[in-house]
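Engineer: the following comprises the amino acid sequence and a computationally predicted model.
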Amino acid sequence: MATVRADKIYKIFGRHAKDVVTQLENGVSRDELQKQGATPAVINASFQVREGETFVVMGLSGSGKSTLIRTLNGLLPPTSGHVYVDDQDITTMPPKDIRQVRQNTMSMVFQHFALFPHRTIMENASYGLRVRGMDSSERREKGRQALELVGLKGWENHYPRQLSGGMQQRVGLARALAAETDVLLMDEAFSALDPLIRRDMQDQLIDLQHKLAKTIIFITHDLNEAMRLGDRIAVMRDGEIVQIGTTKQILDEPADDYVAQFVQDVDRSRVLTAGAIAEQITTIAPGSETSSTLELMRGADLGAVFVVDDALRLVGALSYAAAAQAAGRSERWIDGSVDRQVPTTPPEAPIVEVFEQAAGTELPVAVVKQDGTLLGALPRTALLRALGKQATSTNHQAQQGFQQPPAGAVQEAADV
Ligand SMILES: Nc1ncnc2c1ncn2[C@@H]1O[C@H](COP(=O)(O)OP(=O)(O)OP(=O)(O)O)[C@@H](O)[C@H]1O
Ligand SMILES: [Mg+2]
């Protein structure tokens, strides 16, 4: 597994780039420098992407996202600052070593599919391996596996023009996966797709990420997409990162008006996940005594507790009413009163999917990890509170003015 760290990255287009960095450091504004003909595309960007994390970079068109991601894999040398991939400083490496890192550690998925029109889907998917010098049978095998992962089994011998946009994008993803690199860089990889297919691709990426746990840096100008996919999100404005945080942090505490404007349009029920808003709940062991349990619940004013076993796996729930009734019947142990039909949800479920469950029960919905252990609970109050901060006004300003660069598709593929 690999980590990627950006340390005070500057990328200036135009002449006297190093001087421009000094001027920026001395407080001269970007606007002022632009008047003088320089383009500070990335200004003092620092962050560390953890192993297995999906780190999203979000911002309006022209904010510097593509420039930043291209410095991360060495396609563009930064004007100053350093990029570390697994603690190796790639900014000081000779070009041939950087190419090695690109081939072995970081793959890139581009917005405009970047497929070769006259090569088959299989040849496109395994292209990176050919460049690496892998023999043809091994290449085919890895290509086949990657195409299967993205749901394109059976299309190996077709050509890109025979595939829909969504399918072509999946070939781009398959090519990156076939390289089996730890790091995936995705620059607006889904932006050219229509909304339904885009959602589908997002779901597929989330699924793949569960299986593969890659370190992903994903660029988008769509905050909904950012929040669905990202473990953390970096918001860029005019070359600078203005905030880095989880979906919840960015929704609840936008760093400035720019971020707040983006946040207004977000459907909180779809981007906040059960795991993000789960609350702690008091748990007891199976075989607890009724009297002491009731006392505990009364003392802490608990409406319910969860029962978990030694391995923290959920056994059931006990409501205050059920505990009180058991005490009334003088039952010594709580086990007969435990409700084993507790509604559960995985942590990654958007909360919109939890409402129906919550409506059908008095108990909090249990948030349960894939291994069956309890992460927390969602009482109805938590769900309502999470929605409560939703802005009522709609502001579409933040979505205006997006223009995609022309499709330099094949050129981009050749860069890799
Ligand atoms: N090769 C280049 N030469 C000169 N200026 C460039 C170059 N590449 C990018 N820029 C400028 O750098 C700034 C940031 O561009 P960049 O492509 O990184 O933005 P972006 O956030 O990816 O935008 P988009 O959402 O439209 O893709 C812009 O002002 C752009 O004009
Ligand atoms: Mg871009």
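Structural biologist: Arrived safely, thanks for sending. Ligands and ions are numbered 1, 2, ... in the order given.

Engineer: just give the number of residues close to Thr282.
Structural biologist: Residues contacting Thr282 under the criterion other Cβ atoms under 10 Å number 13. To be clear about C-beta, it is placed using only N, CA and C from the backbone, and glycine gets the same treatment.

Engineer: so what's the spatially closest residue to it that is not a sequence neighbour bridging to?
Structural biologist: Counting by Cβ to Cβ, 6 or more residues apart in numbering, Thr282 lies nearest to Val305, which is 4.8 Å off, once chain neighbours are set aside. Here Val305 shows beta-bridge partners Leu318, assigned using DSSP bridges.

Engineer: pLDDT at Gln145, what is it?
Structural biologist: We have a pLDDT of 92 for Gln145.

Engineer: who's in contact with it?
Structural biologist: Ala178 (Cβ atoms under 8 Å, 6 or more residues apart in numbering).

Engineer: Ala6 now?
Structural biologist: When contacts are counted by Cβ under 8 Å, 6+ apart, Ala6 is found next to Ala45, Ser46, Phe47, Gln48, Leu68, Thr71, Leu72, Gly81, His82, Val83.

Engineer: quick check, nearest of those to Gln103?
Structural biologist: Leu72 (15.1 Å; Cβ to Cβ).

Engineer: re the thing from before, just the buried ones among the contacts of Ala6, please.
Structural biologist: Buried subset of the contacts of Ala6 (neighbour count, 16 or more other Cβ atoms under 10 Å): Ala45, Phe47, Leu68, Thr71, Leu72, Gly81, His82, Val83.

Engineer: surely the residue nearest to Thr282 meets Val315?
Structural biologist: No - using Cβ atoms under 8 Å, Val305 makes no contact with Val315, being 11.1 Å away.

Engineer: look at the two and report which has more neighbours.
Structural biologist: Val305 (24 against 18).

Engineer: roughly how far does that one sit from Asp339?
Structural biologist: Separation of Val305 from Asp339 (Cβ to Cβ, to the nearest Å) stands at 11 Å.

Engineer: anything in contact with each of those two?
Structural biologist: Common contacts of Val305 and Asp339 (Cβ under 8 Å, 6+ apart): Ala317, Leu318.

Engineer: next, see if stretch 67-75 gets close to ligand 1.
Structural biologist: Yes - shown here: stretch 67-75 in contact with ligand 1 (Cβ under 6 Å from any ligand atom) through Thr67.

Engineer: tally of neighbours for the residue lying closest to Gln111 once chain neighbours are set aside?
Structural biologist: Distance criterion Cβ to Cβ, 6+ apart; nearest residue to Gln111, sequence neighbours excluded, is Glu188 at 3.9 Å. Neighbour count of Glu188, defined by other Cβ under 10 Å: 23.

Engineer: dihedrals phi and psi, Glu188?
Structural biologist: Main-chain dihedrals, Glu188, degrees, to the nearest 10: phi 50, psi 40.

Engineer: shared neighbours of Val305 and Val315, anything?
Structural biologist: Contacts common to Val305 and Val315, judged by Cβ under 8 Å, 6+ apart, are absent.

Engineer: picking that back up, so of the contacts of Ala6, which ones are in helices?
Structural biologist: Of the contacts of Ala6, the ones assigned to helices by DSSP state H are Leu68, Thr71, Leu72.

Engineer: so the first one makes contact with Met236?
Structural biologist: Yes - using Cβ under 8 Å, Leu68 and Met236 qualify as a contacting pair, with a distance of 7.2 Å.

Engineer: find residues that contact each of the two.
Structural biologist: Ala45, Val57.

Engineer: can you list the low-confidence ranges for the stretch 51-200 of the chain?
Structural biologist: 113 (pLDDT under 70).

Engineer: and it, which of its residues are near ligand 1?
Structural biologist: Going by Cβ under 6 Å from any ligand atom, the residues of the stretch 51-200 of the chain near ligand 1 are Gly59, Ser61, Gly62, Ser63, Gly64, Lys65, Ser66, Thr67.

Engineer: from those residues, list the buried ones, please.
Structural biologist: With neighbours counted by 16+ other Cβ under 10 Å, those contain buried members at Gly59, Gly62, Ser63, Gly64, Lys65, Ser66, Thr67.

Engineer: was I right about the last one contacting Leu76?
Structural biologist: Yes - at 6.5 Å, Thr67 counts as touching Leu76 under the criterion of Cβ under 8 Å.

Engineer: between the two, what contacts are shared?
Structural biologist: Counting by Cβ under 8 Å, 6+ apart, the residues touching both Thr67 and Leu76 are Lys11.

Engineer: once you drop chain neighbours, what's closest to Arg144?
Structural biologist: Excluding its sequence neighbours, the residue lying closest to Arg144 (Cβ to Cβ, 6+ apart) is Glu156, at 6.8 Å.

Engineer: do Gly81 as well
Structural biologist: Ile9 (3.8 Å).

Engineer: so where does the one you found fall, helix or strand?
Structural biologist: strand 4-13 (DSSP states H and E).

Engineer: and Arg270, by the same measure?
Structural biologist: Take DSSP H and E as the rule and Arg270 turns out to sit in helix 268-271.

Engineer: chain center to that helix: distance?
Structural biologist: With Cα atoms, centre = their mean, to the nearest Å as the basis, helix 268-271 stands 14 Å off its chain's centre.

Engineer: alright, calling it a day.
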